[in-house]
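>>> The following block contains a protein sequence and its predicted model.
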Amino acid sequence: MAYTLGSTTEGQTRSVAPQHCVTRVELSVTATSLLDRDVASKSDPFCVLFHEVDGNWVELGRTETAVNNLNPVFGVKFQVDYHFEEIQKLRFAMFDEDKCATQLYEHDFLGEFICTLGVIVSNKKLHRPLILANGKPAGKGSIMITAQELSDNRIITLTLSGRKLDKKVIKNTLDPAWKPFTVPLISLCNGDVDRNIKVLCYDYDNDGGHDFIGEFQTTVAKMSEAQNSVEVEFDCINPKKQKKKKNYKNSGIIIVKLCKITRDYTFLDYILGGCQLMFTVGIDFTASNGNPREPSSLHYINPLGSNEYLAAILAVGQIIQDYDTDKMFPALGFGAQLPPDWKVSHEFAINFNPTNPFCSGVEGIAQAYSACLPHIRFYGPTNFAPIINHVARFAAQALQQEKAAFSFVNSRSQQFIAMCRNNPFVSIHLLIMIHMRPVFQT
């Protein structure tokens, strides 16, 4: 059996999933109609990027200075590590350069914009007004920020075969045909298709004593010529045999039957492509939670105005809401008796509006939840199936509406994904729907 670059033993598969949960993002900044702080000429603006660390603003970098320009297009880009699961606050501050200044505060302040990285990546181009230190608009000044993923997530799939190899490598044949295999392009050649790579071929032994057959050097660009039934061949050379034998030609031929480079799309690719995240929260109001008026209950709101449920809702919701344009989220409850007839319900709007269970932002969910508690009776059993079915109906209805609205667009992937988060210590269930909306291209 042959042992080649990227091959796996029988029964094993190679994972091509991202190795890290962090993605590098490049931010480009432009500004328009900046304040003119200079007397004899126009402002000389530059932009400083800060990120929040433990409640303090820490500088990440600066752009170049755009001399005498109120509408700068900065060439220097900012690179930031993107963590979906974190709230990453950023501050973009504009200054008019004073060549005599030695400290940042000595430059004239032109305005700033504060947001999260999640808001930036969920908008293809984020255009917002600049704000002065007193909270007022910085004239007509505005900033535009665009995000681009820097990670190389291309993958390469190779289909190889051999001809007249020195060893009988697959099923006692000298002409093996290996199964296609896939590796990340960044692992194979650091993303450089013109970089030289060496391919080694071995006769595989179960005891680990693989016998060397030969090798060849090539590039991904060369192997990529194997397309549309066009094959690329390489002499498999054993350097020792080549030195010893005068008439040595090769130890067989390695044939690239197909070389295909594709992109292994990441979560961030979908976000940058227009994917919106919408979530529905379902809250457990069963009696097993305890009396909400007692401190031992998970629903007990402490003097600080919080409890386990609110903490969980805020922890997830404050991240998700950056990826939803309207920030209107359904909030449902189950396992409680409702007024006036005190019948048990496993699917009710916590704002008591069955035709419109949507709350404005995560804060709206928290307010509706707090207002709901005194007006219901905890009961049971724990049955969140109706809420899951509610989410499924909503998803199906939304998909049908979009199919009708975008019937003139080439079909694209649309999908809802429901995820239930169940903490064994906190009986709260958060249903998160991911909706892939069609993206218009011009």
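Done, it's in. Residues are numbered from 1 along each chain as shown.

>>> Would you mind naming the helix or strand containing the residue nearest to Ser33 when sequence neighbours are not counted?
The spatial neighbour of Ser33 that comes closest, neighbours along the chain excluded (Cβ to Cβ, 6 or more residues apart in numbering), is Lys140 at 4.0 Å. In short, each C-beta sits where N, CA and C put it, glycine included. In this structure, Lys140 sits in strand 137-149 according to DSSP states H and E.

>>> domain ranges for this protein?
Under the assignment named as automatic domain parsing, the residue ranges that make up the domains of the chain are 2-18+153-263, 23-149, 274-435.

>>> Mean pLDDT and mean neighbour count added to the ones you listed, as CSV?
Formatted as CSV, these follow (pLDDT from 0 to 100; neighbours: other Cβ atoms under 10 Å):
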stretch, mean pLDDT, mean neighbour count
domain 2-18+153-263, 83, 15
domain 23-149, 94, 17
domain 274-435, 80, 16
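
>>> Got phi/psi on Val183?
According to degrees, to the nearest 10, the main-chain angles of Val183 amount to phi -140, psi 150.

>>> what's the answer for Asn353, then?
As for Asn353, its main-chain torsions (degrees, to the nearest 10) stand at phi -120, psi 90.

>>> Next, find the distance separating it from Ile114.
Applying Cβ to Cβ, to the nearest Å, one obtains 33 Å for the distance of Asn353 from Ile114.

>>> can you check Thr63 too?
Plainly put, Thr63 is 17 Å away from Ile114 if you go by Cβ to Cβ.

>>> Could you work out the end-to-end span of stretch 269-286 for me?
40 Å (Cα to Cα, to the nearest Å).

>>> And stretch 104-113, by the same measure?
Distance across stretch 104-113, first residue to last, is 17 Å (Cα to Cα).

>>> What of stretch 338-353?
Separation of the first and last residues of stretch 338-353 by Cα to Cα is 13 Å.

>>> ok so, going back, in this structure the residue nearest to Ser33 contacts Ala31, no?
No - counting by Cβ atoms under 8 Å, Ala31 is not a contact partner of Lys140; they are 10.9 Å apart.

>>> Okay, and the residue in the chain sticking out farthest from the centre sits in which element?
No residue in the chain has its C-alpha farther from the mean C-alpha position than Lys246, which lies at 56.9 Å (Cα atoms, centre = their mean). Element membership of Lys246 [criterion: DSSP H and E] is none; it lies in no helix or strand.

>>> Return the distance of it relative to Glu215.
According to Cβ to Cβ, Lys246 stands 20 Å off from Glu215.

>>> Over to Gly364?
64 Å.

>>> could you show me where the helices are in the stretch 101-250 of the chain, in order?
Under the criterion DSSP state H, counting those that start in this stretch, helices of the stretch 101-250 of the chain are mapped to 117-121, 185-189, 220-223, 239-244.

>>> export those helices to a markdown table and tack on distance to Leu90?
As requested, the helices of the stretch 101-250 of the chain are exported to a markdown table (distance: least, Cβ to Cβ, whole Å):
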| stretch | distance to Leu90 |
| --- | --- |
| helix 117-121 | 6 |
| helix 185-189 | 27 |
| helix 220-223 | 36 |
| helix 239-244 | 54 |
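
>>> Tell me which of these sits nearest to Ala101.
Taking Cβ to Cβ as the criterion, helix 117-121 is the member of the helices of the stretch 101-250 of the chain that comes nearest to Ala101, at 28.7 Å.

>>> Name the residues that touch that closest one?
Outside helix 117-121, the residues within contact range by Cβ atoms under 8 Å, 6 or more residues apart in numbering are 25, 27, 80, 82, 84, 87-88, 90, 126, 145, 147, 268, 271-272, 319, 322-323.

>>> Which ones among these map onto strands?
Among the contacts of helix 117-121, DSSP state E puts 25, 27, 80, 82, 90, 126, 145, 147 in strands.

>>> quick one: contacts for the residue most central in space within the chain?
Here the mean C-alpha position of the chain is nearest to the C-alpha of Leu268 (Cα atoms, centre = their mean), at a distance of 2.7 Å. The neighbourhood of Leu268, defined by Cβ under 8 Å, 6+ apart, consists of 23, 25, 82, 84, 121, 149.

>>> pLDDT at Cys21, what is it?
Reported pLDDT at Cys21 in the predicted model: 60.

>>> can you pull up the bridge partners for Leu360?
Quick fix: residue 360 reads Ser, not Leu. Per DSSP bridges, residues listed as beta-bridge partners of Ser360: Met328.

>>> I'd guessed it sits against Lys327; true?
Yes - Ser360 is within contact range of Lys327, at 6.6 Å (criterion: Cβ under 8 Å).
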